[in-house]
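Colleague: Okay, here's the prediction I keep looking at, along with the sequence it came from:
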Amino acid sequence: MTGKMQTYENAARTYGNQAVRLLRPLLMFVVVVWLIEVVDWVIFNNSLDHLGILPRQINGLRGILFAPFLHGGFSHLMANTIPFVILGFLVMLRHRSRILIVSALILLISGFGTWLIAPANTVHIGASGLIFGYFAVLIVNAWYERSVGAIILALLVIIAYGGLLAGVLPAGNGISWQGHIFGLIGGGLAAFYFSPRSAA
């Protein structure tokens, strides 16, 4: 019995260490984004938000890179933090070796799509395009992989975060639905390219 308990403890320790390794880059991103928001609020009086995506302006293209690090206040940032960590962690479980290229593809498609079709004279910021992309990766991955684990994971994600899909509808409340819908497209394309295919 003692040997079995030790085996369970070793397995739990191994899985715990793996989870920490997967969470570390996500948490580092969160720390950086929170620090930027604090600095923006304390020192720059929220003027860094103008580095976001400015539709159809050449200098607005830089926002494709900067927008995920900028948020419209701490409530906006808080709303993005938890789903980013949870969905990002789940994506890393399925695509650990490709998380950077998956994230980059989502950000490029989400950002450039927003730059193309969003209304002029608006500024688009936030990591929600990445969050919507991670959501799509997990759902589309289940379609291609068709393993029990991938399907169960997709169902749990739909149950927990299916309400996100309302964010792709134009609501006229300052929410960048363009970033959301192109984030979904980016996540779907990432899953199309990188998800393992079922042999069936």
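Modeller: Structure's in. What do you need?
Colleague: can I assume residue 66 is in contact with residue 49?
Modeller: No. Using Cβ atoms under 8 Å, residue 66 makes no contact with residue 49, being 9.7 Å away. Yep, even glycine has a C-beta here, placed from its N, CA and C like the rest.
Colleague: Looking at the two, which has the bigger crowd around it?
Modeller: residue 49 (20 against 17; other Cβ atoms under 10 Å).
Colleague: Look up how far residue 73 lies from that one.
Modeller: 9 Å (Cβ to Cβ, to the nearest Å).
Colleague: quick one: secondary structure of residue 71?
Modeller: Classification of residue 71 using DSSP: H, G, I helix; E, B strand; the rest coil returns coil.
Colleague: OK, contacts around it?
Modeller: Residues in contact with residue 71 (Cβ atoms under 8 Å, 6 or more residues apart in numbering) are 33, 37, 77, 80, 125-127.
Colleague: Filter the residues you listed down to the ones in helices?
Modeller: 33, 37, 77, 80 (DSSP state H).
Colleague: so which of the residues you listed is the most crowded?
Modeller: Counting neighbours by other Cβ under 10 Å, residue 37 leads those with 22 neighbours.
Colleague: what would the ones in helices among the contacts of residue 71 look like in JSON lines with distance to residue 147 and pLDDT?
Modeller: Listed next are those as JSON lines, based on distance: Cβ to Cβ, whole Å; pLDDT from 0 to 100:
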{"residue": "33", "distance to residue 147": "33", "pLDDT": "98"}
{"residue": "37", "distance to residue 147": "38", "pLDDT": "97"}
{"residue": "77", "distance to residue 147": "35", "pLDDT": "97"}
{"residue": "80", "distance to residue 147": "29", "pLDDT": "96"}
